[in-house]
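**Q** Got a sequence here, can you model it:
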Amino acid sequence: MLTQLDLEMQIHLAEVDADPLAVMESPQRERYREFLIRSYGFEASVESALAMTPNLDLVIDLRQRAKAGLVAADLLALGVRPHELSEIPLCTSVEAFDTIADAMGWLYVVERRTLLHTGLVKDLTPRMPDVMAVASSYLHCYDHNASTRWRDLSRAFDRVATPEASGRIVAAAHRAFSCEHEWFRAIHASRSATA
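**A** Alright, predicted model coming up:
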């Protein structure tokens, strides 16, 4: 199922990968902070919807994949105050999932984002060493176990992927990629408006 998703989602990857990678164009503490704020708004919204999906915990351990707390810790390390965390806008386009298959499509999108993290760390660490030393737990979330995480994810997808569920997973992943891209585009729009 993961192989099918990778093939079907090719149409989204260039624009979606460009969104988080844009922080590398001109790495600055404030720009990285904006990236983390947008990441938090998307990750927390998806994690909340995943947690409310009945019986999803029987398919995959979501606690091991939760990343919003890591983003929050990085934001606190960058000087965001605790009360400001509660004021970070969440992506309201993420709604409760009707089925486990729908949830799995969205899970694929948030998990796929972690594939970019190694490149971000490699590029940002020499350019912003002080920032990365204290605020990169989100980007390091799968440093030592990425292959295990993807193998477990693949098994979970294969358990869920009946012919009907496969179609729902693919459709949900398309929606999730579109939502993610729109969410991250807002960061570019707001930056352009204030420039």
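**Q** longest helix anywhere in this structure?
**A** Secondary structure of the chain per DSSP state H: the longest helix is helix 163-194.
**Q** What's the mean pLDDT across that helix?
**A** Helix 163-194 carries an average pLDDT of 84.
**Q** ditto for stretch 10-27
**A** Taken as a whole, stretch 10-27 has an average pLDDT of 82.
**Q** if I look at the residue nearest the centre of the chain, how far off is residue 138?
**A** Nearest to the geometric centre of the chain sits residue 110, at 3.5 Å (CA atoms, centre = their mean). Remark: distance between residue 110 and residue 138 (CB to CB, to the nearest Å) = 12 Å. For every residue, glycine as well, the C-beta is placed using N, CA and C.
**Q** do the same with residue 10
**A** Going from residue 10 to residue 138 by CB to CB gives 26 Å.
**Q** tell me, how many neighbours does residue 13 end up with?
**A** Neighbours of residue 13 under the rule other CB atoms under 10 Å: 12.
**Q** The one 4 residues further on too?
**A** Residue 17 sits with 16 neighbouring residues when counted by other CB under 10 Å.
**Q** Work out for me the element it sits within.
**A** Per DSSP states H and E: residue 17 is located in helix 10-21.
**Q** Any chance you could give me the very next helix or strand once past that helix in PDB, C-alpha atoms only?
**A** Helices and strands here follow DSSP H and E; after helix 10-21, the next one along the chain is helix 29-51. This file holds the C-alpha atoms of helix 29-51, laid out as PDB (Å, rounded to 0.1, in the frame of the first residue of the first chain):
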ATOM      1  CA  ARG A  29      15.600  32.200  13.600                       C
ATOM      2  CA  GLU A  30      12.300  34.000  12.800                       C
ATOM      3  CA  ARG A  31      11.700  32.100   9.600                       C
ATOM      4  CA  TYR A  32      12.400  28.700  11.400                       C
ATOM      5  CA  ARG A  33      10.000  29.800  14.100                       C
ATOM      6  CA  GLU A  34       7.300  30.400  11.500                       C
ATOM      7  CA  PHE A  35       8.000  27.000  10.000                       C
ATOM      8  CA  LEU A  36       7.500  25.400  13.400                       C
ATOM      9  CA  ILE A  37       4.400  27.300  14.100                       C
ATOM     10  CA  ARG A  38       2.800  26.200  10.800                       C
ATOM     11  CA  SER A  39       4.000  22.600  11.500                       C
ATOM     12  CA  TYR A  40       2.400  22.700  14.900                       C
ATOM     13  CA  GLY A  41      -0.900  24.000  13.600                       C
ATOM     14  CA  PHE A  42      -1.000  21.100  11.000                       C
ATOM     15  CA  GLU A  43       0.500  18.300  13.100                       C
ATOM     16  CA  ALA A  44      -1.700  19.000  16.200                       C
ATOM     17  CA  SER A  45      -4.800  19.200  14.100                       C
ATOM     18  CA  VAL A  46      -4.100  15.900  12.400                       C
ATOM     19  CA  GLU A  47      -3.000  14.200  15.600                       C
ATOM     20  CA  SER A  48      -6.300  15.300  17.300                       C
ATOM     21  CA  ALA A  49      -8.400  13.900  14.400                       C
ATOM     22  CA  LEU A  50      -6.400  10.600  14.400                       C
ATOM     23  CA  ALA A  51      -6.800  10.200  18.200                       C
END
